[in-house]
Structures are given as C-alpha cells and as structure tokens.
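Peer 1: Build me a structure from this.
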Amino acid sequence: MAKKLKTKTADIRKLSDQDLSQELGEAYRRLFSLRLQKETLQLTNHRELPRMRRQIARLKTLEHQRRLAGAAAPPGTAE
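Peer 2: Below is the predicted model:
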C-alpha cells in the first residue's frame with residue numbers, strides 16, 4: 001500500500017520542491033484509488049475523498065506560492 005501522506009501544513013512546508021512534487025503525485029494516486037473504491041462499493045470511510053481533495057489543493061497552493069516567490073525579482077532592482 002502507499003505510504004502515509006503528510007497532512008500538517010507545517011510538515012508540508014518543510015519539504016523540498018522535489019519531495020513536494022512526489023507528495024502531490026502520491027496524493028493524486030491515492031485519490032484515484034479512493035474513487036475506484038467508491039465506485040466498487042469498497043470505500044469504508046466516505047470522508048476520505050474530500051479530505052484527499054483538500055490535501056491536493058494544499059499541495060498545489062504551496063507549489064504555486066513557491067513558483068511565484070522564485071519568479072519575483074529581488075526588491076530594489078525594479079526600475
């Protein structure tokens with residue numbers, strides 16, 4: 001089975017860019033698995049689906065924030 005995903009935002013912020021990307025991929029795989037379980041009526045905890053969607057949104061938000069921070073010019077260099 002897949003490894004346990006990090007859930008706390010503080011833990012997620014500590015990840016490197018590569019680890020964040022891997023975590024996002026793992027979250028997408030977990031969501032796919034949950035959807036499959038739901039359709040085959042094997043899902044035991046129906047609250048996992050929205051929880052996983054929120055986790056993906058959290059990961060994507062942090063990824064976007066890092067991208068914006070990297071693209072921003074250092075202060076004082078703008079003309």
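
Peer 1: From residue 44, how far off is the closest residue to residue 56 other than its chain neighbours?
Peer 2: In space, and not counting its chain neighbours, residue 56 is closest to residue 27: 4.9 Å by Cβ to Cβ, 6 or more residues apart in numbering. (Each C-beta comes from the backbone N, C-alpha and C, glycine too.) Note on residue 27: its distance to residue 44, by Cβ to Cβ, to the nearest Å, is 19 Å.

Peer 1: Which helix or strand contains the spatially most central residue of the chain?
Peer 2: Centroid-nearest residue in the chain: residue 59, 2.9 Å away (criterion: Cα atoms, centre = their mean). For residue 59, the element it lies in under DSSP states H and E is helix 48-71.

Peer 1: again, but for residue 15
Peer 2: Here residue 15 is assigned to no helix or strand, by DSSP H and E.

Peer 1: related to what we said a few turns ago, so the residue nearest to the centre of the chain sits against residue 26, correct?
Peer 2: No: counting by Cβ atoms under 8 Å, residue 59 sits too far from residue 26 to count as a contact (9.5 Å).

Peer 1: Output the below-cut-off pLDDT ranges for the chain.
Peer 2: Residue ranges of the chain with pLDDT under 70: 1-7, 73-79.

Peer 1: any idea how far residue 42 is from the closest residue to residue 9 other than its chain neighbours?
Peer 2: With Cβ to Cβ, 6+ apart as the criterion, residue 9 has its nearest non-adjacent residue at 6.5 Å, and that residue is residue 58. The spacing between residue 58 and residue 42, counted by Cβ to Cβ, is 26 Å.

Peer 1: Mind checking which of these two has more residues around it?
Peer 2: residue 58 (18 against 9; other Cβ atoms under 10 Å).

Peer 1: does the more buried one really touch residue 11, like I thought?
Peer 2: No: at 10.9 Å, residue 58 does not count as touching residue 11 under the criterion of Cβ under 8 Å.
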